[in-house]
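Colleague: build me a model:
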Amino acid sequence: MNLARRQGFSYIAVLGTSLIVGTMALGSLSVLRIQSRASLDAINSIKARENGRTAVELGRYNFTNDPNWRTTFSNGQLFTNRSTGNGTMSATIQDPVDNNLGNHPHHPVRLQITANQGRAVQKFEVDIAANPVPLEVLKNAVHSWTNLQIQSTGTLAVYGAPVGINGSLTNDNVIDGDVLATAISKQGTVTGSVTNAAPILDLPADSIVTKYLEIGTEFTNRVNLIENAVIAPGFNSFAPLNSGGVYIVRPTSNMEIRNTRIHGTLIVVMPSTGHRLTIGENVFFQPAVPGYPALIVQGHLDLSYRSDGEILSESVLATNFNPAGAPYEGSSDTDTIDSYPSEIRGLIYVTRRLRWYNNGLLRGSVLSEGQGGNGIEIHGTPRVLYDPYLFHAPAPWLTKQVNMIPVTGTWKQVVQ
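Modeller: Numbers count the residues shown, from 1 in each chain. Reported below is the predicted structural model:
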């Protein structure tokens, strides 16, 4: 009897020990499974982060290969649940400047990325900056994509950059500066260097007029004369206000602008190829957005404003040219005692022929497509002081391409 009891106790002891050992083994397996799952989650989290970086590069690939990507993705959705093998990635896009993806090709964009791998989900934000590559023509102070002629009464002076001609040069008087011409019919007097058989420079890939029409605000009425007027982002009696100062006027016949201050970008669309815009007397043009053109003309342009010894005078014209909404150098007032330089600052772009009279001063550059004939004719004694900013920070749509580059320090994880 005692032996049987001892054997029973031994059996129970062995069984208990086995249960303890089995429980410990199962516990160890559970721990291993938990550790394995944690390790897998950690690996998936790392892979999800890599998927996020892949999403950025996929976005940049889309930007490079679709020249109209700002329109294509205007709904804000770049791609959704794109496979990365075992994971997925999605990205949305927005313009952090004004939330309008399509109105400025040089605005930065912000990517918001969701990347998945297994159970891991990672969310990121990164800013992508525009790096525009300027057209070579922006290195020139004056450029005609067709012929350029200096009349016997004319002298063209350029400082800081050459005169460029895709067509032929006919110089019946003087060019004070350097010349780069595809062909020369008559060289005349050139005070600087002369390059014949110069390379032909490209036109913009897109219509400059069309692109700026898309972001401009049209005048309420079709006017043929702008005189003693102020046009600016915060002041314009001809049109609803445009924050960039980009305004569109469509005259019904020949048009004239005189004794006027324009702090913005004016786009003039002539009604036919037989009509022209004349800029006369005293004017002061300056773009409101740095890098934007000051004047774009679809049609012919005559420049006959005067600069030497001339000013745009409030008292003479009985006009306040810096009212509220149109400050000059940060200052607005209600008096008529101020004066302004009579000149144009910035870029002038003309689709047909430019004829230049008098002694107007341009601080910037002038480009003429010269559709249908000569691009530029010089009848007076204008001067162009080239502004290198036009090349280093090119105007929208005056570029070869716009590269999009991630901004250092903007990559950040979004807390879920």
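Colleague: may I have the phi/psi pair for K139?
Modeller: With angles defined as degrees, to the nearest 10, K139 sits at phi -80, psi -10.
Colleague: touching, it and F391? I think so.
Modeller: Yes - counting by Cβ atoms under 8 Å, F391 is a contact partner of K139 at 5.5 Å. Just so you know, the C-beta spots here come from the backbone N, C-alpha and C atoms, and that holds for glycine as well.
Colleague: report how many residues lie close to S315.
Modeller: Using other Cβ atoms under 10 Å, S315 is surrounded by 11 other residues.
Colleague: for the helix or strand harbouring it, the distance to its chain's centre please.
Modeller: Secondary structure assigned from DSSP states H and E places S315 in helix 314-317. Centroid separation for helix 314-317 versus its chain: 37 Å, with Cα atoms, centre = their mean, to the nearest Å.
Colleague: got a list of contacts for that helix?
Modeller: Contacts to helix 314-317, defined as Cβ atoms under 8 Å, 6 or more residues apart in numbering, come from residues 228, 259, 320-321, 335-339.
Colleague: nearest residue to F73 in space, please, no chain neighbours.
Modeller: Closest residue in space to F73, ignoring its immediate chain neighbours: I93 at 5.5 Å, by Cβ to Cβ, 6 or more residues apart in numbering.
Colleague: helices and strands around whatever helix or strand that neighbour lives in, which ones?
Modeller: Assigned by DSSP H and E, I93 belongs to strand 87-94. Judged by 3 or more Cβ pairs under 8 Å, 6 or more residues apart in numbering; DSSP states H and E, strand 87-94 is in contact with helix 2-65, strand 77-83, strand 109-117.
Colleague: just checking: what are the partner strands of it?
Modeller: Here strand 87-94 is paired, per DSSP bridges, with strand 77-83 (antiparallel), strand 109-117 (antiparallel).
Colleague: tell me the mean pLDDT over the first one?
Modeller: Think strand 77-83. Mean per-residue pLDDT for strand 77-83: 89.
Colleague: any buried residues in that strand, and which?
Modeller: Going by neighbour count (16 or more other Cβ atoms under 10 Å), the buried part of strand 77-83 is 78, 82.
Colleague: how distant is it from the center of its chain?
Modeller: 27 Å.
Colleague: flag every buried residue along stretch 362-380.
Modeller: 362-371, 374-380.
Colleague: kindly report the same for stretch 88-98.
Modeller: So, applying 16+ other Cβ under 10 Å, buried residues of stretch 88-98: 88-93, 95.
Colleague: what segments of this structure are helices?
Modeller: 2-65, 69-72, 208-213, 314-317, 389-392 (DSSP state H).
Colleague: lowest average pLDDT across the ones you listed?
Modeller: Mean pLDDT is lowest for helix 2-65 among these, at a mean of 67.
Colleague: ends of stretch 304-317, how far apart?
Modeller: 18 Å (Cα to Cα, to the nearest Å).
Colleague: ditto for stretch 333-345
Modeller: First-to-last residue span, stretch 333-345, Cα to Cα: 23 Å.
Colleague: one step back: pull the CA atoms of the strand holding I93 into CSV?
Modeller: In CSV, the C-alpha atoms belonging to strand 87-94 read as follows (Å, rounded to 0.1, in the frame of the first residue of the first chain):
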residue,chain,number,x,y,z
GLY,A,87,3.5,47.4,-49.9
THR,A,88,1.6,50.4,-51.3
MET,A,89,2.0,54.1,-51.5
SER,A,90,-0.3,57.1,-52.0
ALA,A,91,0.4,60.8,-52.4
THR,A,92,-1.6,64.0,-52.6
ILE,A,93,-0.2,67.4,-53.8
GLN,A,94,-0.9,71.0,-53.0
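Colleague: which stretch among the strands paired with strand 87-94 comes nearest G291?
Modeller: Closest to G291 of the strands paired with strand 87-94, according to Cβ to Cβ: strand 109-117, at 18.4 Å.
Colleague: all set now, cheers.
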